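>>> Predicted model follows, preceded by the sequence.
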Amino acid sequence: MIPIPPKMNDNGIPLVEFVYAKNQPEYIPLPVVKERNGVVTSRWKLTWKEMLSVLFHGSIYLQVMTFNKPLQPMSMSVSPPNIPWTQVSNPLDAQKEIHN
(Lines give C-alpha, C1' and ligand atoms only; values in the text may rest on other atoms or scores of the structure.)
Protein backbone atom coordinates (compact mmCIF):
# COMPACT_ATOMS: atom_id res chain seq x y z
CA MET A 1 0.00 0.00 0.00
CA ILE A 2 1.13 3.52 -0.68
CA PRO A 3 -0.23 6.72 0.84
CA ILE A 4 -1.87 9.10 -1.65
CA PRO A 5 -3.51 12.52 -1.17
CA PRO A 6 -6.95 12.17 0.44
CA LYS A 7 -8.83 14.59 -1.83
CA MET A 8 -8.91 15.72 -5.45
CA ASN A 9 -9.89 19.20 -6.57
CA ASP A 10 -12.40 19.80 -9.38
CA ASN A 11 -9.60 19.44 -11.97
CA GLY A 12 -8.51 16.04 -10.62
CA ILE A 13 -5.35 17.48 -9.05
CA PRO A 14 -4.51 15.94 -5.66
CA LEU A 15 -4.76 18.42 -2.80
CA VAL A 16 -3.21 18.08 0.63
CA GLU A 17 -3.01 20.23 3.68
CA PHE A 18 -0.16 18.62 5.60
CA VAL A 19 2.52 15.96 5.05
CA TYR A 20 3.79 13.99 8.03
CA ALA A 21 7.47 12.93 7.83
CA LYS A 22 7.99 15.19 4.81
CA ASN A 23 11.73 15.63 5.47
CA GLN A 24 12.40 12.36 7.25
CA PRO A 25 13.98 9.90 4.79
CA GLU A 26 13.62 6.99 7.22
CA TYR A 27 9.80 7.25 6.90
CA ILE A 28 7.33 7.31 4.03
CA PRO A 29 5.80 10.81 3.72
CA LEU A 30 2.11 10.72 4.66
CA PRO A 31 -0.13 13.31 2.96
CA VAL A 32 -3.19 14.10 5.09
CA VAL A 33 -6.00 16.55 5.60
CA LYS A 34 -6.21 17.86 9.17
CA GLU A 35 -9.55 19.19 10.42
CA ARG A 36 -9.93 21.74 13.23
CA ASN A 37 -11.64 19.11 15.39
CA GLY A 38 -8.47 16.97 15.37
CA VAL A 39 -9.56 14.45 12.74
CA VAL A 40 -6.69 13.51 10.39
CA THR A 41 -7.59 11.75 7.12
CA SER A 42 -5.16 9.77 4.98
CA ARG A 43 -5.84 7.64 1.91
CA TRP A 44 -4.04 4.49 0.76
CA LYS A 45 -3.81 2.81 -2.64
CA LEU A 46 -3.55 -0.96 -2.77
CA THR A 47 -1.43 -2.83 -5.30
CA TRP A 48 -3.12 -5.45 -7.50
CA LYS A 49 -1.63 -8.19 -5.31
CA GLU A 50 -3.03 -6.53 -2.18
CA MET A 51 -6.45 -6.09 -3.80
CA LEU A 52 -6.54 -9.80 -4.71
CA SER A 53 -5.48 -10.73 -1.17
CA VAL A 54 -8.31 -8.62 0.30
CA LEU A 55 -10.76 -10.09 -2.22
CA PHE A 56 -9.86 -13.69 -1.38
CA HIS A 57 -8.98 -13.38 2.31
CA GLY A 58 -11.06 -10.35 3.35
CA SER A 59 -8.52 -8.95 5.82
CA ILE A 60 -6.44 -5.82 6.25
CA TYR A 61 -4.11 -5.49 9.23
CA LEU A 62 -3.51 -2.20 11.00
CA GLN A 63 -0.44 -1.66 13.18
CA VAL A 64 -0.23 1.47 15.30
CA MET A 65 2.82 2.49 17.30
CA THR A 66 1.48 3.93 20.54
CA PHE A 67 4.83 4.06 22.34
CA ASN A 68 2.88 2.74 25.35
CA LYS A 69 0.56 5.76 25.34
CA PRO A 70 -3.25 5.45 25.18
CA LEU A 71 -4.58 4.36 21.80
CA GLN A 72 -6.40 7.11 19.89
CA PRO A 73 -9.80 6.37 18.32
CA MET A 74 -9.47 5.24 14.69
CA SER A 75 -11.74 4.46 11.80
CA MET A 76 -11.08 2.47 8.62
CA SER A 77 -13.34 2.67 5.58
CA VAL A 78 -13.52 1.76 1.92
CA SER A 79 -15.70 4.81 1.23
CA PRO A 80 -14.35 8.37 1.10
CA PRO A 81 -15.15 10.34 4.24
CA ASN A 82 -17.00 13.63 4.03
CA ILE A 83 -14.20 16.16 4.58
CA PRO A 84 -15.82 19.53 5.32
CA TRP A 85 -13.29 21.91 3.75
CA THR A 86 -14.60 24.71 5.96
CA GLN A 87 -13.27 22.71 8.93
CA VAL A 88 -9.74 22.25 7.59
CA SER A 89 -7.13 23.75 9.93
CA ASN A 90 -6.12 26.42 7.42
CA PRO A 91 -8.27 26.44 4.26
CA LEU A 92 -5.50 28.21 2.31
CA ASP A 93 -3.09 25.37 3.08
CA ALA A 94 -5.60 22.92 1.65
CA GLN A 95 -4.99 24.43 -1.78
CA LYS A 96 -1.36 23.23 -1.91
CA GLU A 97 -0.87 20.81 -4.78
CA ILE A 98 1.25 17.68 -4.67
CA HIS A 99 3.26 16.96 -7.78
CA ASN A 100 4.88 13.57 -8.26
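It's in. In this text the structure is predicted, and so the values were computed from the model without any measurement.
>>> heading toward the C-terminus, what's the first helix or strand past the least confident helix or strand in the chain by mean pLDDT?
Ranked by mean pLDDT, DSSP states H and E, the weakest helix or strand in the chain is strand 14-15, scoring a mean of 62. Going down the chain from strand 14-15, the next helix or strand is strand 18-20, by DSSP states H and E.
>>> Pairing partners for that next one, with directions?
Paired neighbours of strand 18-20 in the sheet (DSSP bridges): strand 30-34 (antiparallel).
>>> Give the next helix or strand downstream of the partner strand.
Counting by DSSP H and E, the element after strand 30-34 in chain order, helix or strand, is strand 40-41.
>>> got a list of what the nearest residue to Pro81 once chain neighbours are set aside touches?
Distance criterion C-beta to C-beta, 6 or more residues apart in numbering; nearest residue to Pro81, sequence neighbours excluded, is Thr41 at 5.7 Å. All C-beta spots, glycine's among them, are computed from the backbone N, C-alpha and C. By C-beta atoms under 8 Å, 6 or more residues apart in numbering, the residues touching Thr41 are 6, 32-33, 35, 81, 83.
>>> Can you tell me which of these are buried?
Buried subset of the contacts of Thr41 (neighbour count, 16 or more other C-beta atoms under 10 Å): 6, 32-33, 35, 83.
>>> Need the max-distance pair from the contacts of Thr41.
Val32 and Pro81 (11.8 Å; C-beta to C-beta).
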